[in-house]
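# generate a structure from the sequence data that follows.
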Amino acid sequence: MPTPRALRRLARACGVTVAAGPGCFLFFPCDSSITHTETRTISTDVLEWYATAPPGAPSTAAWMDGDALLLAGPAGAVRSSGGATWEAFEGAPTGIAAMDAVSGWEPWFVGPGGLAGVWRDDRFDAGTIDGAPDLVAVAVYDGYGGVTVATDGALYTSETGAAWAEDLDVTTLAEGAPLADVDLLSDGTMWVVGAGGLVLHADDDGWATVDLGTTADLSAVSFASVNRGLLATIDGTVFETEDAGATWVATTAPGAVTTLAHTGTADRAVRWAAGPDGVVWASDGARWTELVRTDAPVTALAAWSDEGLVAGADARVLGWVEHLEEESFKVPDCQPYEGRPYCVAGVPRLATVYPTDPDADPRWLRQAQEEHASIFAFARFARQLRALGAPADLVADALAAQADEARHAALALAMAGGGSFGAFPAEDADDADASTAADAPHHDDAPTLLAVARATAREGCLVETAAVYAAIEAARAASTPDARAVWRAITRDETRHAALAWRFLRWAIAEDPTIADAIAPLFARRPPAVPAAVWDAVIAPAARATGLAAA
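I've put the predicted structure just below:
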């Protein structure tokens, strides 16, 4: 199923924001009676989200919930909605060691010298826990408040983040052993880990010590649910439970572990681990897989859905997408993607393709033809924009899209094993006559703004916007790393192309407001070929934001 983050990226490019992702779909018709087998595998690809480091780096703590991203560290704290830009928490303290939050923007911070506080109502309620040394971890859960642990073996709880109380039972059980991490679960139970193999668990009956049979220093704890959780030692041993701690199974991570996280649903959670070696690993419960190797120790790790955020001792911030369990499945033999078509009088035109290999995959050959046709579609669009006096940035982006499509055509042809294209079919006299109609703006000498807007709405805002998600689905279903890389490259570029269509449409309506009424019928209801999820989450909201009456 396409990732929520990918849907949000597409929606933002089209001028709207969304909160959830769609289901899986195949965009174009196909013969479902003929299928082939493909395999999903664990992805080892990492997406570097940010070209520049956020302010306040390096980071010691991270948190995310959908688009809400938080980082904290020695210089204070920063936040972002989506990761494109960051802003500082004005008034947040320096020296933050750990952070946690519930939904929204109310993170709890702790740090050296008993520093403890919460950001609420656009201000930081800071304070100190008298007599507490360095606070190293904090966990919060809506309805239960928060809990923090210290290097002297003390644990403190708070309902609001302002007043804190020491739990003397923990102090007695810890016997001064430094505590390292804590987790607060949905039923109010707590897990605490510390030096010398110390594990403490609190439920309705109070606190108890858990014996894992190790004297190694425990460094991290993370629970996906009340029943499923992980504990880790600094030397790389990971203990896992699926029965709320009644039994534990020990496995060996590929390296030292100082931080843990979970993604996915509780019953099929993916486990994440990172540490001082600068490596992030993922496990589906059967094996650990290296996800990314950074240049500095990883000190901050957060996860949500199928996305993640990792930061470290250097200024770099990375994100990942798509940890997929290995799974074989049947898919119809069809072409799941089409970029912007080159149409004459409403009829798509394609050049003949001559493959080097007579047994070349017909789906990649068709893909190459579609991408090749889009070169000419954007070349024509750029000429029309010039003739209409469109802003220079629209013309430049149309020319850049033309170059993108040339690259896509070459990639698809290479995936088919090589080959060449025949001459692209030129417009004949009948085509030129047909192009004089108001809805066929393909006579480049005198295009009308309405005609180009109508064609762009149909071919770009509808077909191309929806097709971006078909390309995303093709990337997810790709059976080889090379195929996945090609589809992801196409997805990134086509997202910009769809955004270009919507930007042009908004400019055209600003130039001539009557265009909105003329093309609104195209968005009055969802076309059968457009998936409902993409229509509801992206196209319809974008149409409304553009001034069209989308249903």
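# run the chain-centre distance for the longest helix seen in the chain.
When the chain is parsed with DSSP state H, its longest helix is helix 481-511. Centroid separation between helix 481-511 and its chain, computed with CA atoms, centre = their mean, to the nearest Å, is 17 Å.
# likewise stretch 454-470?
Counting by CA atoms, centre = their mean, stretch 454-470 comes out at 22 Å from the chain centroid.
# hmm, who's touching the helix or strand following the longest helix of the chain?
From helix 481-511 onward toward the C-terminus, using DSSP states H and E, the following helix or strand is helix 514-519. Residues outside helix 514-519 that contact it (CB atoms under 8 Å, 6 or more residues apart in numbering): Leu449, Leu450, Ala453, Arg454, Ala457, Leu505, Ala508, Ile509, Thr546, Gly547, Leu548. Backbone N, C-alpha and C define where each C-beta goes, glycine included.
# in helix 514-519, which residues are buried?
Of the residues in helix 514-519, Ile515, Ala516, Ala518, Ile519 count as buried by neighbour count, 16 or more other CB atoms under 10 Å.
# what's the closest of the residues you listed to Ala253?
Nearest to Ala253, judged by CB to CB, of these is Ile519 at 56.2 Å.
# what's the spacing between the nearest residue to Pro425 once chain neighbours are set aside and Ala377?
Excluding its sequence neighbours, the residue lying closest to Pro425 (CB to CB, 6 or more residues apart in numbering) is Arg349, at 5.0 Å. The gap separating Arg349 from Ala377 is 9 Å, by CB to CB, to the nearest Å.
# looking at these two, which is more packed in?
Ranked by neighbour count (other CB atoms under 10 Å), Arg349 and Ala377 place Ala377 first, with 26 against 17.
# which helix or strand contains the more buried one?
Assigned by DSSP H and E, Ala377 falls in helix 362-388.
# my guess is the residue nearest to Pro425 contacts Gln369. True?
No - taking contacts as CB atoms under 8 Å, Arg349 lies outside contact range of Gln369: 9.9 Å.
# burial measure for Thr356, as a count.
Counted with other CB under 10 Å, the neighbours of Thr356 add up to 11.
# for stretch 245-262, the averaged confidence score.
Averaged over stretch 245-262, pLDDT sits at 89.
# ends of that stretch, how far apart?
For stretch 245-262, the separation between the terminal residues is 17 Å (CA to CA, to the nearest Å).
# so how far is it from its chain's centroid?
Using CA atoms, centre = their mean, the offset of stretch 245-262 from its chain centre is 25 Å.
# which parts of the longest helix of the chain are buried?
Across helix 481-511, burial judged by 16+ other CB under 10 Å covers 483-484, 486-491, 493-495, 497-509.
# for stretch 341-356, same thing?
Neighbour count says stretch 341-356 has Pro341, Tyr342, Cys343, Val344, Arg349, Leu350, Ala351, Val353, Pro355 buried, by 16+ other CB under 10 Å.
# measure it end to end?
This stretch, stretch 341-356, spans 25 Å end to end (CA to CA).
# relative orientation of the helix holding Ala377 and helix 481-511 in degrees?
20 degrees (axes from the mean of the first three to the mean of the last three CA atoms, to 10 degrees).
# mind checking how far the helix or strand that comes right after helix 362-388 is from the chain centre?
Following helix 362-388 in sequence order, the next helix or strand is helix 392-415 (DSSP H and E). Distance of helix 392-415 from its chain centroid, counting by CA atoms, centre = their mean, is 24 Å.
# hmm, who's touching helix 392-415?
Residues outside helix 392-415 that contact it (CB under 8 Å, 6+ apart) are 339, 353, 361, 364-365, 367-368, 371-372, 374-375, 377-379, 381-382, 385-386, 419, 421, 482-483, 486, 489-490, 493-494, 496-497, 500, 503-504, 507.
# which non-adjacent residue is nearest Trp288?
Closest to Trp288 by CB to CB, 6+ apart is Trp281, at 4.7 Å.
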